[in-house]
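1. Give the three-dimensional model of this entry:
(one chain, ligands or ions: 1)
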Amino acid sequence: MAKKLKSVIKELRKFGLTGVCPREWRSSIVLEGEVDSWQEYIAAGYAAAGKGYKGVVNDLRVPGLEPLKEYLPPGRGGALAGKSYDVVIIGGGVIGCAVARELTRWDLRVALLEKEDDVAKQTSSRNNGMIHPGLAAPTGSKKHSYNIRGNRMYTQVSQELGFEFHRCGSVVMLEKSFYRLALPYVRRKALKKGVDGLEILSRQEVSRREPNATDRQRGGIFLPSTGVVAPYMVTVAYAENAVENGAEVHLNTAVLGFEMEGDRIVGVRTNQGVLRARVVINAAGVWADNIAGYANDRFFSIHGRKGTIAIVDKALGSTQSAVLAMPQLGVNTHTKGGGLNPTVEGNLLLGPTAIEVPQREDWSTTAGEMELLLSRHLSLNRRLRPRDIITYFAGVRACTFEEDFIIEPSEYVANLVHAAGIQSPGLASAPAIAEDVAAMTVEILKKTREVKRNPAFNPVRRLTPQLAKLSLAERAEVIRKNPAYGKIVCRCEVISEGEIVAAIHSPVPAATVDAVKRRVRAGMGRCQGGFCTPALLEIVARETSRSPGDVTKGRPGSRMLAEETKAGGKTG
Ligand SMILES: Cc1cc2nc3c(=O)[nH]c(=O)nc-3n(C[C@H](O)[C@H](O)[C@H](O)COP(=O)(O)OP(=O)(O)OC[C@H]3O[C@@H](n4cnc5c(N)ncnc54)[C@H](O)[C@@H]3O)c2cc1C
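-> Next comes the predicted model:
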C-alpha cells in the first residue's frame, strides 16, 4: 500500500472516522462510506489533505442531511443550439468575467455562460471587496503568488475599466504587548513574500493613523498595499469590457453536462441547447467540482464555507480610513479572521465570519452569526454602535480541502481549463488569474489553429455619467444634454433616472431591479430601497417594454407585484 494512503488511513483513525474508506483514483484520493455529521465530513476531508495527493474527492454520505440544492434556471428552448465558439467560459463571477475580457485581446469567438439572471450574483457580490496585500496566504501557494500579482495589477485595471479602487491600507493591531516580539519576523516574512511596504507601528502610531481604533490595541503593522473595491462593480466592468470587445454573455444559461468524444469536450449541454466549443473554461465557483465531473475530471471537491458580513451606515464611514483587524491567534486556521473594512461607497463592513455549511447556495444570515460579528469586530472602531448596522448579507467560499486555488489545464481532458477552488483572496487575485487562464487557453487553441491578436481590442471601458462624482457645473451640463439625469430616483445614494436607464441599456443589460442596484447602487442606501423601489420598477418596465407586474427582483419568477388591487388602477 502506498505510504501516502497509509498516512490518510492513520489520520482518519486518529479522528475516529472508521466509517470512511479511502481509495486512490488517478493522482487524487477519494473518500467513500458514511459519517455521522457534516463536521465529520469536513474533518475527514482535511484528514486526507496534505498527504501528497493532487486533490481530495469527498464522496462521504451523511444520513439525514438534505441533498445538495443547486439553483437552475428554467429551460428556455434552443436559443444557443448549434452555436459554435472558440472558447466557452462557465461562470459569470469575477473570475469568468475577467477571463472573458482577457481572451478578447485575441481574435476569438468567446461566450460566457451564467446560470443566474446577472453576472456577480454568487460569491463575487457577496464578499468584503478587499484587495488583500498577500501576507496571509501561505508562501509558495497559488493563493499567495496570484494575490501578490493581482494586487499590483489593480491600479492599472481600475483605470482601464473605470471602477473605483482605493488603496486605503490596513492596520493589523496586536492585542497583547508581547506579540510585538514577533514583528521583526513578520517584516522579514512580508519582504520575502513580496508584500509591499510593511511598517511596524507603536501604539501611539496606530492611534495617530486611526484615532478611533480600539484602546485594546498594543501597536501593530501597516500594510499600505491593501485596497478596496466594489466587487460586483469590478465583475460588471470586466463583463462589459469583454462584450465591448466582442465576447457574448448569456445569462439564465446553465451548463448541465458535456458531450465527450475521447478525451475532448465536443458539446456543452445547456438549458438553451447544446453548443460547440473548442476550449471550455471551468470558472463555476462553488459548483466547479460538478462541472469537472461532467467531463469525468472531478479530482477535487468543493465544500462551502459561509461568511456573514454586516454593513455599517455611511454616516460612520469617515471614522476610519484603513482596514482594521485584530487577529485572534489560534481561532480558525482557514480564514484570515475578518475585521472592519471601508468600502469605496463610504460604508464600513464588519466581518466576515467563517462557518462550514453543507448547502453551497445558503446565503441566509442567522442571529448567532450577527452576534458573533458584533462581539468580534464592532469594538475595533470605538465610534461604532450596534444601531449603526444597516443590514447583513452572506456569501459562500468555494473551498477545496487542499485550501488552494486550482488554476490549470486539465490533465485528462484535452480542451478543459480549471479555475476552481477560488476562495479568498480570489477577488484580489482575479486580474492575475485571468491573465494565466487566458494564456493556457490560447496555448491549447494554438495546437490546432493559428491564434491572432484582436487588433480592435480596447482595454478602456466606455463609461456613462455618475452624478454623485460630478461637480455642480458638470452635473448641469449632463442634465442639459439629458434631462433624465436631473430626476433623482434614489435619494439615499443620489442616483438619477438617467443613470438607471444607462444601466438598463448597458453592454450587459440590467434587466431586473437587483441588477440595476448592482450597477448604480439605487436602493443600497440607508432606507434599503424603501423609497425608490416602486419608481425603479416602473423605469425597468418602461425601458424593457414589459408591464411592471412582469419585472422581477432577480431570478425568473421573482415578480415583485402580485396583482392589481383596483380594476384599472395604476401598479407601483
Ligand atoms: C464572505 C466572503 C468574503 C470574501 N472576501 C474577500 C475579499 O475581501 N477579498 C478577496 O480577494 N476575496 C474575498 N472572498 C473570495 C471571493 O469572493 C471569491 O474568491 C471570488 O468571488 C470567486 O469568484 P468566482 O468567479 O470564482 O466565483 P463566483 O462569483 O461564485 O462565480 C461563479 C459563477 O458560476 C456560476 N455557475 C455555477 N454553476 C454553473 C453552471 N452549471 N452553469 C452556468 N453557470 C454556473 C454561478 O452562478 C456563479 O455566478 C470572499 C468570499 C466570501 C464568501
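2. Would you agree Cys226 is in contact with Gly169?
-> Quick fix: residue 226 is Thr, not Cys. Yes - checked against CB atoms under 8 Å, the pair Thr226 and Gly169 is within contact range at 5.3 Å. (Glycine included, C-beta is placed from N, CA and C.)
3. For the stretch 401-550 of the chain, what lies in contact range of the ligand?
-> Neighbours of the ligand within the stretch 401-550 of the chain, by CB under 6 Å from any ligand atom: 422-428.
4. shared neighbours of Thr226 and Gly169, which are they?
-> Shared contacts of Thr226 and Gly169 (CB atoms under 8 Å, 6 or more residues apart in numbering): 322-323.
5. Looking at the two, which one has more neighbours?
-> Taking neighbours as other CB atoms under 10 Å, Thr226 and Gly169 compare with Thr226 leading, 27 against 18.
6. which residues touch the residue of the stretch 51-200 of the chain found nearest the ligand?
-> Closest contact between the stretch 51-200 of the chain and the ligand, by CB to the nearest ligand atom, is at Gly93 (2.1 Å). Contacts here follow CB under 8 Å, 6+ apart; on that basis Gly93 touches 119-120, 122-124, 235, 283, 285, 422.
7. The chain - how does it break down into domains?
-> As assigned by automatic domain parsing, the chain contains the domains 3-58, 71-165+225-302+400-463, 166-223+303-398, 467-550.
8. To Lys566, which of these lies closest?
-> The closest of those to Lys566 is domain 467-550. By CB to CB, the value is 13.8 Å.
9. Span of that closest one from start to end?
-> Chord length of domain 467-550, first to last residue, is 29 Å (CA to CA, to the nearest Å).
10. Setting aside sequence neighbours, what's the nearest residue to Glu361?
-> Distance criterion CB to CB, 6 or more residues apart in numbering; nearest residue to Glu361, sequence neighbours excluded, is Tyr71 at 5.9 Å.
11. from memory the one you found sits against Asp117, does it?
-> No - Tyr71 is beyond contact range of Asp117, at 10.3 Å (criterion: CB under 8 Å).
12. Now for these two: what residues contact both?
-> Common neighbours of Tyr71 and Asp117 (CB under 8 Å, 6+ apart) are Arg555.
13. Can you pick out the residue with more neighbours from the two?
-> For Tyr71 versus Asp117, the count of surrounding residues by other CB under 10 Å is larger for Asp117: 20 against 12.
14. Got phi/psi on the more buried one?
-> Reported as degrees, to the nearest 10, the phi and psi values for Asp117 are phi -80, psi 0.
15. For it, give me its contacts.
-> Counting by CB under 8 Å, 6+ apart, Asp117 has contacts 73, 251-252, 511-512, 515, 552, 554-556.
16. And these, which two are furthest apart?
-> Pro73 and Ala515 (14.3 Å).
17. So which of those two has more stuff around it?
-> Between Pro73 and Ala515, Ala515 has the larger neighbour count (other CB under 10 Å), namely 28 against 19.
18. ok, the more buried one touching Glu116?
-> No - look at Ala515 against Glu116 with CB under 8 Å: they stay out of range, at 9.8 Å.
19. Give me the common contacts of these two.
-> Contacts common to Ala515 and Glu116, judged by CB under 8 Å, 6+ apart, are Gly554.
20. so Leu31 sits in a helix?
-> No - Leu31: not assigned to a helix; according to DSSP: H, G, I helix; E, B strand; the rest coil it is strand.
21. so what's it bridging to?
-> Counting by DSSP bridges, Leu31 is bridged to Pro22, Asn58.
22. Roughly how far does it sit from the ligand?
-> The spacing between Leu31 and the ligand, counted by CB to the nearest ligand atom, to the nearest Å, is 23 Å.
23. So what's the residue count around that residue?
-> By other CB under 10 Å, 24 other residues sit near Leu31.
24. same question, Glu345
-> 18.
25. Confirm it sits in a strand?
-> No - assessed with three-state DSSP, Glu345 is coil; it does not lie in a strand.
26. right, and it touches Arg526 too?
-> No - if you go by CB under 8 Å, Glu345 and Arg526 don't touch, sitting 12.0 Å apart.
27. so what's the residue nearest in space to the middle of the chain up against?
-> In the chain, the residue lying closest to the centroid (CA atoms, centre = their mean) is Ser124, at 2.2 Å. By CB under 8 Å, 6+ apart, the residues touching Ser124 are 93-95, 231-232, 234-235, 285, 427.
28. Thought Lys517 was touching Gly529, still the case?
-> Yes - Gly529 lies in contact with Lys517 (CB under 8 Å); the separation is 7.4 Å.
29. The two: who's more crowded?
-> Lys517 (25 against 18).
30. Not counting sequence-adjacent ones, nearest residue to that one?
-> Gly523 (4.7 Å).
31. Around the one you found, count how many other residues there are.
-> Using other CB under 10 Å, the number of residues around Gly523 comes to 23.
32. do Leu65 as well
-> Neighbour tally, Leu65, other CB under 10 Å: 12.
33. what does Val249 give?
-> Val249: 24 neighbours (other CB under 10 Å).
34. That one - that's part of a strand, no?
-> Yes - per three-state DSSP, Val249 lies within a strand segment.
35. if I read this right, it contacts Val236, doesn't it?
-> No - contact status for Val249 versus Val236: not in contact, 10.4 Å apart, counting by CB under 8 Å.
36. Quickly list what's touching both of the two.
-> Common contacts of Val249 and Val236 (CB under 8 Å, 6+ apart): 119, 508.
37. could you pull out the helices for the stretch 351-500 of the chain?
-> Listed in chain order, the helices of the stretch 351-500 of the chain (DSSP state H, counting those that start in this stretch) span 367-377, 426-446, 472-481, 497-504.
38. Which one of those helices lies nearest to Ile390?
-> Proximity to Ile390 (CB to CB) singles out helix 367-377 among the helices of the stretch 351-500 of the chain, at 12.6 Å.
39. Can I get that closest one as PDB, trimmed to CA atoms?
-> What follows is helix 367-377, C-alpha atoms only, in PDB (Å, rounded to 0.1, in the frame of the first residue of the first chain):
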ATOM      1  CA  ALA A 367     -28.800  35.800  14.800                       C
ATOM      2  CA  GLY A 368     -25.900  33.800  16.100                       C
ATOM      3  CA  GLU A 369     -23.600  34.900  13.200                       C
ATOM      4  CA  MET A 370     -24.700  38.500  13.700                       C
ATOM      5  CA  GLU A 371     -23.900  38.400  17.400                       C
ATOM      6  CA  LEU A 372     -20.500  36.900  16.700                       C
ATOM      7  CA  LEU A 373     -19.700  39.700  14.200                       C
ATOM      8  CA  LEU A 374     -20.700  42.400  16.700                       C
ATOM      9  CA  SER A 375     -18.700  40.800  19.600                       C
ATOM     10  CA  ARG A 376     -15.600  40.200  17.500                       C
ATOM     11  CA  HIS A 377     -15.200  43.300  15.300                       C
END
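40. and it with the ligand, contact?
-> No - using CB under 6 Å from any ligand atom, helix 367-377 stays clear of the ligand, with a minimum separation of 10.8 Å.
41. Nothing else from me, thank you.
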